[in-house]
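> predicted structure and sequence below. I'll ask about it afterward.
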There are 2 protein chains.
Amino acid sequence: MEVTRTLAKFLVSHKAADLPADVRHEGARSLLNWVACAVGASKHQTVKRALAALYDLSGPRDATILGRRERVDIFQAALLNGATSHTFDFDDTHMKTVIHPSGPVASAILALAEHRPVSGRDFLHAFLLGVEAECRIGLSVYPNHYDTGWHITATAGVFGAAAAAGRLLKLNEQQMVWALGTAATHACGIRETFGTMAKPLHPGIAARNGLMSALLAKKNVTSAEQGIEGRRGFAAILSTKFVPGEITEGLGKTWEILANSYKPYACGVVIHPAIDGCIQLRNEHKLKLEDIARIDLKVHPLVLELTGRRTPKAGLEGKFSVYHSCAAAILLGEGGEAAYSDAIVRNPRVIRLRDQVNAVVQAGVNEDQMHITLKLKDGRVLEKYIEHAVGSVARPMSDADLEAKFRALTKGILPAAQADKLIGLCWNVGKLKSAAEIARASVSARAKVKAKARKK
Amino acid sequence: MEVTRTLAKFLVSHKAADLPADVRHEGARSLLNWVACAVGASKHQTVKRALAALYDLSGPRDATILGRRERVDIFQAALLNGATSHTFDFDDTHMKTVIHPSGPVASAILALAEHRPVSGRDFLHAFLLGVEAECRIGLSVYPNHYDTGWHITATAGVFGAAAAAGRLLKLNEQQMVWALGTAATHACGIRETFGTMAKPLHPGIAARNGLMSALLAKKNVTSAEQGIEGRRGFAAILSTKFVPGEITEGLGKTWEILANSYKPYACGVVIHPAIDGCIQLRNEHKLKLEDIARIDLKVHPLVLELTGRRTPKAGLEGKFSVYHSCAAAILLGEGGEAAYSDAIVRNPRVIRLRDQVNAVVQAGVNEDQMHITLKLKDGRVLEKYIEHAVGSVARPMSDADLEAKFRALTKGILPAAQADKLIGLCWNVGKLKSAAEIARASVSARAKVKAKARKK
């Protein structure tokens, strides 16, 4: 069983010309969504505080924090872009593994692309290979690995970052084996941090460590030969389940990016059917918050496992409360960042309805499904069965939806014309002379002027 | 059960004046041994390659790589000093957990002490608190955690680094809870890498990540409240055993540093009784390699688990072969770095005897014990029972032994007079105006001149 080496062989030898058009297009969609999330959260307290800790310690300031004027070294850029892109919990989801694939991979290689010349074509190719590596490794251990408490976006993500960065560094097969081995020994990220600022750091930590794993391998820092499948390797230690074929079979024939999905709502995907349903019922029946006596949900077990917080106290925590999410959806008619401000989470009207939301697990309900029952104060009972939540693979956001999400997220940070330009760069990533253009175009001209003035 | 908070409270409130004298002295012994190992391995390929990958990416060059002229930022210094100090597998061992305590902690805070003023007294105090934190957390999950395949030096070490750095950064209680939570989500390092260059990186990775966890907490990047004991926290995910009392009981009353030990031999401690016994028999009977037909060992299970490599191919791998170690001990009469050069591992005479070494597990034999039987070609049978290997807690190296080890390791890297000066600084760490003096004194004046010339 040569898992790590088989994967490494594929990663170093696959040809960009062999990428199917739909795979390339899905890569661009993922990138567009990732940039939107990163720019959108670029003024958040999490990145401000992390930057306060790290900025003065930066090395060569080659790289951009998307949406911000400060420039930092490639490790910090990998860390901070990974963090911003996950701060709103609004990034992409590979539902088969609940991995958020883009954060760890794109954060690592966009930083690298600002440090050395990387064409858009090579960037997109490396991105797709990195996503493939992390999702396949995730599939080989999911769900046991996640159920144990590992944040799979971080633990599988570090392999994706190492694979993509390693490809751009032109690692040979042996070096790629080492890069994956060193990534394996960096696998970390625990779910106990969910609801705190440490959680969005995870894709950033994975990006930074994966990037470092690849850079070390390039200089022949050796590592395990069987980092993934070995007796004391990633799978044996971090999972009770391991299906090596998920990693090695059909490489280059099937692409996991095609199973990627994008969120219309700024919270964990398992709540999306609840929000979808509540918004539909609200709009169909022109409901106000005070019309509703009680909401009953029949849900997949993960809904309670991940988002069962009864009394969230701040915006970030609200994302882990299906109860809050329903109440906010009824009040606002949306599930974007606005639904997860501290003010909305602390709004007494929202809290009153939130406390009347009940969720029970029902067998046969999938992750993107839900039964929703609203009992109104006037005695009426309204029901909605969501078969596939909007944004799921079965009911995907369109390219236009993604552009609208991009504009909504970057509003107030980028002028509209610049947002449009950046959207165009993402769609055309495969043709860019330099992938770094995307990073540079993410900072508003006004912010750049400020940065220059600051330097004196 | 408030484990993380109880530990955090202790870490931020303990007073240096309450450190017993023997605890302070053992801290100085640990530090002396750590500096010797780091300087000794400072020219090794592992650090050369890692530096080739990272040097140009360094931030402010505040910090020293012990023994080397290049200066790097505090994260790289933490990483690389952690790595060099573990490269020879010659660093200290807390036998109750097989943690190598000094690497993660000292590497993090010596770098910090070059970045901001830290008195020797505060440094030693923070060091002892960090070691206490990591060893107690290690004890709470050992041996199950280690048996699973985790490299406990890395996974527990990151807490020690965060605790010590956090103390020097004067974190308040809440910030220390966050620092430990962020350390928990950084816990990584798998045993599959043993025998490769990635293994010695582990204490460095722990040092760097622990340092970053503390710096982030200082700027109020929040994290889990129960990073250690939570339902999805460190202990629940990374171990099948958890005894919280090992962390919370007797804080400030007992000190794990008193159970620290120092190696006379440059390899895993579980082989030390074998080397000790072989050297004794060799010297008592004036044996040559060719006199011996066969060596039989009765051993603790960890000997085969950790050091059962039958056919090591390079020096680093030889450290994981009890077979090679016996043969080299008979040839050389020692178990220092000389016994683990590539040349000795590939020496045909050594290989011939190595292949005649047999080891079987015997119940009742402890980690620092071994039965050794030598069958000579002339028919004689020699036996030796090692009750406690030299360097174990029961038969510790003396201060003079440690100084001799220091001089042997730093020979050829530091002039003798400078080695003596550095030894003096380590013994007197508690009285130094600035702990950074230790780092600066580890680089030979000649190397410094070279570095200046290089800068032009």
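Thanks, I have the structure now.
> distance check, the nearest residue to A:Lys241 once chain neighbours are set aside against A:Gly391.
Computed as Cβ to Cβ, 6 or more residues apart in numbering or on different chains, the closest residue to A:Lys241 that is not its neighbour in sequence is A:Asn144, at 3.9 Å. (C-beta placed from N, C-alpha, C; glycine too.) Plainly put, A:Asn144 is 26 Å away from A:Gly391 if you go by Cβ to Cβ, to the nearest Å.
> same deal with A:Asp276?
Taking Cβ to Cβ, one finds A:Asp276 at 8 Å from A:Gly391.
> got the contact list for the residue nearest to A:Asn347 when sequence neighbours are not counted?
Spatial nearest neighbour of A:Asn347, excluding adjacent residues (Cβ to Cβ, 6+ apart): A:Leu331 at 7.5 Å. By Cβ atoms under 8 Å, 6 or more residues apart in numbering or on different chains, the contact list for A:Leu331 reads A:Leu289, A:Ile344, A:Asn347, A:Arg349, A:Val350, A:Leu353.
> thinking again about what came up before, give the residues shared as contacts by A:Asp276 and A:Gly391.
Common neighbours of A:Asp276 and A:Gly391 (criterion: Cβ under 8 Å, 6+ apart): A:Pro264, A:Tyr265.
> the strands in chain A, which residues?
For chain A, the strands defined by DSSP state E occupy A:63-64, A:71-72, A:93-94, A:260-261, A:292-299, A:357-361, A:370-376, A:381-386.
> got those as a markdown table, with mean neighbour count and distance to A:Ala198 columns?
Output for those, formatted as a markdown table (neighbours: other Cβ atoms under 10 Å in any protein chain shown; distance: least, Cβ to Cβ, whole Å):
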| stretch | mean neighbour count | distance to A:Ala198 |
| --- | --- | --- |
| strand A:63-64 | 26 | 22 |
| strand A:71-72 | 22 | 20 |
| strand A:93-94 | 26 | 20 |
| strand A:260-261 | 24 | 25 |
| strand A:292-299 | 20 | 27 |
| strand A:357-361 | 16 | 26 |
| strand A:370-376 | 20 | 29 |
| strand A:381-386 | 16 | 32 |
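> these: which one's closest to A:Ala236?
strand A:93-94 (23.1 Å; Cβ to Cβ).
> which helices and strands does the closest one pack with?
Contacts defined by 3 or more Cβ pairs under 8 Å, 6 or more residues apart in numbering or on different chains; DSSP states H and E place strand A:93-94 against helix A:120-141, strand A:260-261.
> please repeat the previous calculation with a cut-off of 10 Å.
Strand A:93-94 sits against helix A:120-141, helix A:152-155, strand A:260-261, with contacts defined as 3 or more Cβ pairs under 10 Å, 6 or more residues apart in numbering or on different chains; DSSP states H and E.
> so which of the ones you listed gets nearest B:Asp122?
Closest to B:Asp122 of the helices and strands packed on strand A:93-94, according to Cβ to Cβ: helix A:152-155, at 33.6 Å.
> the closest one: how far from the chain's middle?
Offset of helix A:152-155 from its chain centre (Cα atoms, centre = their mean, to the nearest Å): 10 Å.
> just the C-alphas of it, formatted as CSV.
Once non-C-alpha atoms are left out, helix A:152-155 reads as follows in CSV (Å, rounded to 0.1, in the frame of the first residue of the first chain):
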residue,chain,number,x,y,z
ILE,A,152,-10.8,18.5,9.2
THR,A,153,-10.4,21.7,7.3
ALA,A,154,-7.2,22.2,9.2
THR,A,155,-5.9,18.6,9.4
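> right, is it up against chain B?
Yes - interface with chain B: helix A:152-155 contributes A:Ala154, A:Thr155 (Cβ under 10 Å from any Cβ of the partner chain).
> which strands and helices sit next to that helix?
Short answer (3+ Cβ pairs under 10 Å, 6+ apart): helix A:152-155 packs on helix A:74-87, strand A:93-94, helix A:102-115, helix A:120-141, helix A:144-148, helix A:198-218, helix A:234-238.
> including mean pLDDT, could the ones you listed go into a markdown table?
Shown next, in a markdown table, are the helices and strands packed on helix A:152-155 (pLDDT from 0 to 100):
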| stretch | mean pLDDT |
| --- | --- |
| helix A:74-87 | 98 |
| strand A:93-94 | 95 |
| helix A:102-115 | 98 |
| helix A:120-141 | 98 |
| helix A:144-148 | 96 |
| helix A:198-218 | 98 |
| helix A:234-238 | 98 |
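> among those, which is nearest A:Ala416?
Closest among the helices and strands packed on helix A:152-155, once you apply Cβ to Cβ, is helix A:74-87, at 20.7 Å.
> between that closest one and helix A:102-115, how many degrees?
When axes from the mean of the first three to the mean of the last three Cα atoms, to 10 degrees is applied, the directions of helix A:74-87 and helix A:102-115 differ by 150 degrees.
> helix A:74-87 near chain B anywhere?
Yes - interface with chain B: helix A:74-87 contributes A:Ile74, A:Phe75, A:Gln76, A:Leu79, A:Ala83 (Cβ under 10 Å from any Cβ).
> distance check, A:Val361 against A:Ser321.
From A:Val361 across to A:Ser321, the span is 16 Å (Cβ to Cβ).
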